[in-house]
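Asker: Sequence and computational prediction follow.
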Amino acid sequence: MEHELIAEVQGEILPESLLPIERALRDERNRLPHAKVSVGSSGPQGSKLRLAVKGAHPGLAAHLCEIAGLNLVGLRRIRLGRVGLGEVAPGQWRFLGSHERF
């Protein structure tokens with residue numbers, strides 16, 4: 001199942017900052033899961049990365065940020081499968097709607 005995460009990091013992210021992450025994800029020796037990483041927003045005070053990861057892998061976001069030399073400040077899951085989690089408060093749950101499926 002795919003998880004989508006927002007990783008908040010300190011400082012500004014330049015496009016070339018993601019190259020070490022892309023190399024690590026392609027390297028067969030690392031055995032990292034399939035993931036897509038993109039810059040959501042970037043500014044001098046802080047930036048946000050969007051990560052779409054297949055499967056639950058605790059610590060993966062922190063590891064990828066460490067590879068790129070980024071300081072992880074916060075992490076938030078915004079999607080699980082096809083279900084968006086934007087309106088669910090931390091520590092809470094909800095029933096799936098009749099139109100929702102994983």
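Answerer: Cool, got the structure. Residues are numbered from 1 along each chain as shown.

Asker: Give me the residue at the spatial middle of the chain.
Answerer: Using C-alpha atoms, centre = their mean, the residue of the chain that lies closest to the mean C-alpha position is Leu51, 2.8 Å off.

Asker: quick one: low-confidence ranges for this protein?
Answerer: Within the chain, no stretch has pLDDT under 70.

Asker: Please, where are all the helices along it?
Answerer: Assigned by DSSP state H, the chain shows helices spanning 19-26, 60-67.

Asker: Isn't the residue nearest to the centre of the chain up against Leu5?
Answerer: Yes - with contact taken as C-beta atoms under 8 Å, Leu51 and Leu5 are classed as touching, separated by 4.5 Å. Backbone N, C-alpha and C define where each C-beta goes, glycine included.

Asker: Mutual contacts of these two, please.
Answerer: Both Leu51 and Leu5 are in contact with Ala61, where contact means C-beta atoms under 8 Å, 6 or more residues apart in numbering.

Asker: how close does Ser41 get to Glu22?
Answerer: 19 Å (C-beta to C-beta, to the nearest Å).

Asker: Give me the more crowded residue out of the two.
Answerer: Glu22 (15 against 12; other C-beta atoms under 10 Å).
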